[in-house]
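Asks: sequence and predicted model, in that order:
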Amino acid sequence: MGAGIAGPALAYWLARNGYRPTVVEHARQLGSGGSAIVVKGPAIPVAERMGVLPQLRGLATRNRSLTLLTPDGRRVLRLLLASDQAPTVEVTRADLSEVLHRSAQTEAEFLFDDTVTALDQDAGGVDVTFRRSAPRRFDLVVGADGMHSTVRRLVFGPERQFVSNLGLYGATVPLEPDAVEDPSEMTMLSVPNRMLVVHLSRTTPLAIFTFRAARSVPHDRKNVALHKQTVADAYADVGWRAPEFVAAFLDHPAPFFDPLTTVRMPAWSRERVVLLGDAAAATALLGDGSSRAMAGAYALAEELAAHPGDHARAFAAYESRLRREVGPRQRRVGPLSRLMVPRTRPGLAVRNAVGRAVGRTNRITSRQAANR
Ligand SMILES: Cc1cc2nc3c(=O)[nH]c(=O)nc-3n(C[C@H](O)[C@H](O)[C@H](O)COP(=O)(O)OP(=O)(O)OC[C@H]3O[C@@H](n4cnc5c(N)ncnc54)[C@H](O)[C@@H]3O)c2cc1C
């Protein structure tokens, strides 16, 4: 279930291996816009084998540099991002999802505007009840329905057992077309506990708020009023263009808002149900969730093909292949969150120094800053 990144990638590979996959997605259609994400590492060979890498390169965003601002909005540092020749490609999450969906749609069945409400498994299969479609029986069920997975809740238990909030929240809102001056530049303002990034997400400028809130906000995607109040409160005393971006957030009917979380499951499968992508092992902030989702989909399809008729061994082999990498990565998320969104001004100075040390940088002189 889920037609985000992992779901359509898995459907493509399952269909190639002779399965007849059905993908259930609760949205009416695939989304548009969205944050820019980098397809990299293990996802590149998967995209190559799917034949979608040229399409992704054609949809690449134009972000070429990240400019850091002081709390009062002066430009202090520019980090150079990947070039066109880099073995990675940055696209919007929506474009990636759309490209993967197009590859899979001729061979897999997609049910949009529907969801699973009950799963009942026995030795021979899984009986699935849908919100809209008639009940059906499947051999296997894959929960590729993201961080707040319903498949995980139905089969493994409530979300609170497996999901830990990093104490940070992420919120995004599209902006007016003229909100970004330089389409190749991402701009980031940081003040203690809050970060604000603005960039062109291929065709639409996007503001991204990443922050610690004064009070914890429970996950409830329908409580838009609470999301708006939380962002407005968090950025009330932030300067530069924060008031303009907060106003856009308040005006939008359904801006994106979610706690940044990690998902840690003791096991990724139970009998005939298996979890994939963020549903199994989300690692917020590392910036590779989409790539891991694609690589995980490929690995799961490969193990199912390698163990015909033995899903238990296939699921175990898939989990052990991926879990080796997930554990150490998840341990990095806490320290990374403190480095990326420091609590104090000295912490911000440390973060910028790390940025200078690890990135290819152009230090912006005070004269350049004044000319901008
Ligand atoms: C603000 C933000 C910035 C990010 N930046 C990056 C980045 O720079 N690089 C990167 O690699 N990753 C990034 N990520 C993470 C990345 O988006 C995820 O790791 C990736 O999308 C996981 O893919 P997935 O297929 O597992 O889940 P998702 O992409 O979340 O897809 C899940 C799908 O399931 C559907 N669904 C959910 N519940 C149900 C239900 N009950 N019934 C039916 N369908 C359902 C959803 O609508 C969705 O289509 C970012 C995430 C966020 C929120």
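Replies: Arrived safely, thanks for sending.

Asks: how many neighbours does the nearest residue to residue 130 once chain neighbours are set aside have?
Replies: Spatially, and ignoring its direct neighbours in sequence, residue 130 is nearest to residue 114 (5.3 Å; C-beta to C-beta, 6 or more residues apart in numbering). Placement of C-beta: from N, CA and C, glycine included. Close neighbours of residue 114, defined as other C-beta atoms under 10 Å, add up to 17.

Asks: so what's residue 114 scoring on pLDDT?
Replies: If you check residue 114, the pLDDT there is 98.

Asks: who are the contact partners of it?
Replies: The contact partners of residue 114, taken as C-beta atoms under 8 Å, 6 or more residues apart in numbering, are 24-26, 130-133.

Asks: what's the answer for residue 137, then?
Replies: Contacts of residue 137 (C-beta under 8 Å, 6+ apart): 125-128.

Asks: kindly indicate the member of the residues you listed with the most neighbours.
Replies: Counting by other C-beta under 10 Å, top hit in the contacts of residue 137: residue 128 with 22 neighbours.

Asks: now it: which helix or strand?
Replies: strand 125-130 (DSSP states H and E).

Asks: quick one: strands adjacent to that strand?
Replies: Strand pairing for strand 125-130, using DSSP bridges, gives strand 116-122 (antiparallel), strand 136-138 (antiparallel).

Asks: contact partners of whatever helix or strand comes next after the last one?
Replies: So that's strand 136-138. For strand 136-138, the succeeding helix or strand toward the C-terminus, using DSSP H and E, is strand 141-143. Applying C-beta under 8 Å, 6+ apart, the external contacts of strand 141-143 come out as 1-2, 7, 10, 116, 119, 121, 126, 128, 149-152, 155, 272-276, 279-280, 300.

Asks: same question, stretch 204-211
Replies: Counting by C-beta under 8 Å, 6+ apart, residues outside stretch 204-211 touching it are 33-36, 168-177, 179-180, 193-200, 231, 234-235, 245, 248-249, 260, 340-341.

Asks: now do that stretch: distance to the chain's middle.
Replies: Put simply, stretch 204-211 sits 14 Å off its chain's centre (C-alpha atoms, centre = their mean, to the nearest Å).

Asks: stretch 307-321 too?
Replies: 26 Å.

Asks: and for stretch 332-347?
Replies: On C-alpha atoms, centre = their mean, the centre of stretch 332-347 falls 20 Å from that of its chain.

Asks: try stretch 140-150
Replies: 14 Å.

Asks: same thing with stretch 322-331?
Replies: 17 Å.

Asks: hmm, who's touching that stretch?
Replies: 262, 264, 268, 280-281, 283, 286, 292, 295-296, 299.

Asks: can you tell me which of the residues you listed are in helices?
Replies: Residues of the contacts of stretch 322-331 located in helices (DSSP state H): 280-281, 292, 295-296, 299.

Asks: dump these to CSV, plus neighbour count.
Replies: Output for the ones in helices among the contacts of stretch 322-331, formatted as CSV (neighbours: other C-beta atoms under 10 Å):
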residue, neighbour count
280, 30
281, 26
292, 26
295, 23
296, 30
299, 20
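
Asks: quick one: which of those is nearest residue 311?
Replies: Ranked by distance to residue 311 (C-beta to C-beta), these are led by residue 299 at 14.3 Å.

Asks: helices along the protein, start to end?
Replies: Going by DSSP H, the chain shows helices at 6-16, 43-50, 53-58, 93-105, 150-156, 224-234, 242-251, 278-281, 289-306, 311-340, 345-358, 366-371.

Asks: how is the chain carved up into domains?
Replies: 6-62+86-162+262-337, 165-260+340-371 (automatic domain parsing).

Asks: averaged pLDDT, the last one. What do you get?
Replies: Here domain 165-260+340-371 scores 87 as its mean pLDDT.

Asks: can you give me the end-to-end distance of stretch 34-54?
Replies: 20 Å (C-alpha to C-alpha, to the nearest Å).

Asks: show me which residues of that stretch are buried.
Replies: 34-44, 46-47, 50, 52-53 (16 or more other C-beta atoms under 10 Å).

Asks: same deal with stretch 306-323?
Replies: Those buried within stretch 306-323 under the rule 16+ other C-beta under 10 Å are 307, 311, 314-319, 322.

Asks: for those residues, could you give me JSON lines that also reports distance to the ligand?
Replies: As requested, the buried residues of stretch 306-323 are exported to JSON lines (distance: C-beta to the nearest ligand atom, whole Å):
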{"residue": "307", "distance to the ligand": "23"}
{"residue": "311", "distance to the ligand": "20"}
{"residue": "314", "distance to the ligand": "19"}
{"residue": "315", "distance to the ligand": "17"}
{"residue": "316", "distance to the ligand": "20"}
{"residue": "317", "distance to the ligand": "20"}
{"residue": "318", "distance to the ligand": "14"}
{"residue": "319", "distance to the ligand": "15"}
{"residue": "322", "distance to the ligand": "12"}
